[in-house]
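Asker: Output the structure for:
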Amino acid sequence: GAVVDGVLYLMSKTNVWAYNASLDSWIQKGSMPDKIYGDKISSASCVAADGKILVMGAVEDGPSQTLLNLAGLVHVYDPVTDSWTEATPATPRAYVGIEAVGKNVYVAGGIDNLSYRPTNRMQVFDIRTGIWKEKAPMPNAVYNMAFVEAGGRIFFFKGTDGTRNVEETWIYDPAVDP
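Answerer: As a prediction, the model looks like this:
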């Protein structure tokens with residue numbers, strides 16, 4: 001889920017739900033785009049940036065959770081209009097770390113869709129222009145890590161490299177990697 005203007009938005013496999021804490025109520029919003037978030041798709045990542053919510057990095061449910069080419073699809077939800085737009089695709093991967101700093105969304109690590117291995121790739125998406133750019137890679141290839149933004153920097157916590165749990169914490173500063 002993601003928070004925009006004090007409202008928590010949760011994306012289920014089929015619908016968008018909005019929770020307004022001041023009213024203590026849930027409201028069902030529009031449907032998720034079927035192209036990427038159908039009945040067999042899960043594990044998508046989302047983050048709020050510039051008043052919108054970016055969703056990407058899905059996998060197909062099943063015994064092996066097979067990665068799909070769909071993992072590169074990116075959709076942007078506009079809470080004001082309750083509508084979706086398909087954005088410029090990202091490098092296909094799933095189980096990514098995702099966080100926003102201002103109008104930019106940073107996507108790091110994950111499982112590469114072609115090699116099925118962890119990656120250390122870092123990209124930034126400008127939600128206003130729809131342009132992806134490569135950034136400095138993470139120190140190690142990791143997926144399922146936690147991300148949090150504080151003071152304009154992104155902190156990476158834990159995760160796995162496919163053979164072990166990663167205990168390190170890394171800090172990424174977008175100001176020194178323009």
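Asker: Please enumerate the helices of the chain.
Answerer: Counting by DSSP state H, the chain has no helices at all.
Asker: Excluding chain neighbours, give the residue nearest to N165 in space.
Answerer: Leaving aside its chain neighbours, N165 sits nearest to K158 (6.7 Å; criterion: C-beta to C-beta, 6 or more residues apart in numbering). Where C-beta positions appear, they are placed from N, C-alpha and C, glycine not excepted.
Asker: how near is the one you found to E149?
Answerer: 16 Å (C-beta to C-beta, to the nearest Å).
Asker: just G6 next, same as before
Answerer: In terms of C-beta to C-beta, G6 sits 17 Å off from E149.
Asker: Spatially nearest residue to L10 (excluding sequence neighbours)?
Answerer: Nearest one to L10, counting by C-beta to C-beta, 6+ apart, is G1 at 4.2 Å.
Asker: can I assume the one you found is in contact with V16?
Answerer: No - G1 is not in contact with V16 according to C-beta atoms under 8 Å; the separation is 9.8 Å.
Asker: Mind listing the shared neighbours of the two?
Answerer: 9-10 (C-beta atoms under 8 Å, 6 or more residues apart in numbering).
Asker: Same drill for the two, tell me which one is more crowded.
Answerer: Using other C-beta atoms under 10 Å, the more surrounded residue of G1 and V16 is V16, with 21 against 14.
Asker: Okay, and the beta partners of that one?
Answerer: Per DSSP bridges, the residues bridged to V16 are M11.
Asker: Show the pLDDT at D34.
Answerer: Note on D34: pLDDT of 66.
Asker: Oops, could you answer that again for N165 instead?
Answerer: N165 is given a pLDDT of 91.
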